[in-house]
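1. one predicted model, sequence on top.
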Amino acid sequence: MTNELDFFTQRGFGLTIGYGHRPAVLVIDMIRAFTNPDAMLGANLPVIFSTVSYDDVDLKDAGIWALKQRGVMNLRAGTAEVELDPRLHRMSSEGWLVKKYASCFFGTDLTSRLLSQGVDTLLIAGCTTSGCVRATAVDALQTGFRAMVIRECVGDRSKNAHDQSLFDLHAKYADVVGLGETCAYIENLHSPS
């Protein structure tokens, strides 16, 4: 890994974007289907919130993604699997975003929600690092937001996929940052200068 890191660093990858001045927290798919370790899509992970939910009985609103992996059949609107994990608490003032695919940006109004609030930085937490977190971070960068993936607040079913995704995200699309660093950043936003 050190040789790869040196190679990427020498080639100018992994530069730091840095935090902006107007952050928003995006908690991706912390729903029961992903946080229950016994569920088909589950993993041992505990934080606008998003969910993946399909309304059509025949999963037409899942498109061809339903052909790629069977787990989406468990993400039906109105079921417990698409509800926020009960270990987390969502205040009524916090947003709820329903998406159909991996990225929280694709086919949703997330961009307009963020822009209307003057957001320039997205603090990303959630499930899964190699899927929805990665897709959202890439789209955040491509849409003009500073994507900050909080290392301790994301997870995946596969440690290898998780580690590789964090490496690649930090090299090309986002800053992978620590929770302590992120908390200090948030505290400094509210401290008088």
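-> Nice, thanks for sending it over.
2. for burial, what's the neighbour tally of the closest residue to L166 other than its chain neighbours?
-> The shortest distance from L166 to any non-neighbouring residue, by Cβ to Cβ, 6 or more residues apart in numbering, is to V176 (5.1 Å). Every C-beta, even on glycine, is put in place using the N, C-alpha and C of the backbone. For V176, the count of nearby residues is 22 (other Cβ atoms under 10 Å).
3. for V176, give me phi and psi.
-> V176 adopts backbone torsions of phi -90, psi 120, taken as degrees, to the nearest 10.
4. which residues does it form beta bridges with?
-> V149 (DSSP bridges).
5. that one touches Q164, doesn't it?
-> No. With contact defined as Cβ atoms under 8 Å, V176 does not reach Q164; the gap is 12.0 Å.
6. please name the residues that touch the residue nearest to L166.
-> Residues counted as contacts of V176 (Cβ atoms under 8 Å, 6 or more residues apart in numbering) are 149, 151, 166, 169-170.
7. top of the residues you listed by neighbour count?
-> Going by other Cβ under 10 Å, V149 tops these with 27 neighbours.
8. which intervals of this protein have sub-threshold pLDDT?
-> For the chain, the stretches with pLDDT under 70 are 1-2, 33-35, 37, 39-47, 190-193.
9. apply 90 and report the result again.
-> 1-17, 22-49, 57, 59, 64-74, 84-95, 116-119, 157, 182-193 (pLDDT under 90).
10. thank you, goodbye.
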